[in-house]
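Take this sequence and fold it.
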Amino acid sequence: MSQTTGGLRSILSFPLVYSLFRWLVSGEKQQGIYIGEYVRPKAGDRILDIGCGPGDILRYLPRDVRYEGFDVSEGYIERANRHFGDRGTFRCARVDAASLSGNEGTYDIVLANGVVHHLDDSEAVDLFRLAKIALKRGGRLITLDGCYVPGQSRIARYLLSRDRGQNVRDEASYLALARQVFQSVTPHVRHDLLRIPYTILILECMQN
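Numbers count the residues shown, from 1 in each chain. Sure, this is the predicted structure:
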């Protein structure tokens, strides 16, 4: 790890800095595209957000969804509760079988935004399995991660190589992990969801 990269990771551990950084690189229009085209929340949907960070996604979700966010960062969860405590519930914990006990098959949408590329293959498959357990029939897991693709710009490839997550993969590798658990997986590659050159892979995984 370079000194510069390590410093950036350390700085982004501060909730306010993280929120500001996300706002700078991902604007209102881009967030609207992601929510409108891929998350597609409906009134009354129950949403589980794995790795919710400071809860900033709630700025773009309808007020009438039932939102639950999990993150291992105490600072992120504290900020989420301060700013969005009236919009959902937040827990400083990892999502596991115990935390889902009694709620299996009850969620319409599970979100894992920027999570899978922080996980090794075994951990990633565990996440997909937990999401499948959480989802009701017809529910969807939506993941969003940086992705290597043929022909992407050198700048995008460089930025991906410096990402905080150490497991940025190509499209086929992400798909192989998801398809170990879900039969229906639809990939979407986007180069325009950040204000910087960056390639993002969104996976829609449906619980059949």
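
now the strands for the protein?
Shown for the chain, the strands assigned by DSSP state E span residues 46-50, 66-71, 88-92, 107-113, 135-148, 169-170, 184-190, 200-206.

Now render those as a markdown table, adding distance to Arg129.
The way it works is simple: take the backbone N, C-alpha and C, and place the C-beta from them, glycine included. Shown next, in a markdown table, are the strands of the chain (distance: least, C-beta to C-beta, whole Å):
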| stretch | distance to Arg129 |
| --- | --- |
| strand 46-50 | 12 |
| strand 66-71 | 16 |
| strand 88-92 | 20 |
| strand 107-113 | 11 |
| strand 135-148 | 10 |
| strand 169-170 | 18 |
| strand 184-190 | 14 |
| strand 200-206 | 11 |
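
Can you name every helix or strand that the lengthiest helix in the chain contacts?
Assignment by DSSP state H gives helix 121-134 as the longest helix of the chain. Applying 3 or more C-beta pairs under 8 Å, 6 or more residues apart in numbering; DSSP states H and E, one finds that helix 121-134 contacts strand 46-50, helix 97-100, strand 107-113, strand 135-148, helix 171-178, strand 200-206.

could you redo the last one with a cut-off of 7 Å?
Packing partners of helix 121-134 (3 or more C-beta pairs under 7 Å, 6 or more residues apart in numbering; DSSP states H and E): helix 97-100, strand 107-113, helix 171-178.

what's Gln183 in contact with, if anything?
The neighbourhood of Gln183, defined by C-beta atoms under 7 Å, 6 or more residues apart in numbering, consists of Asn208.
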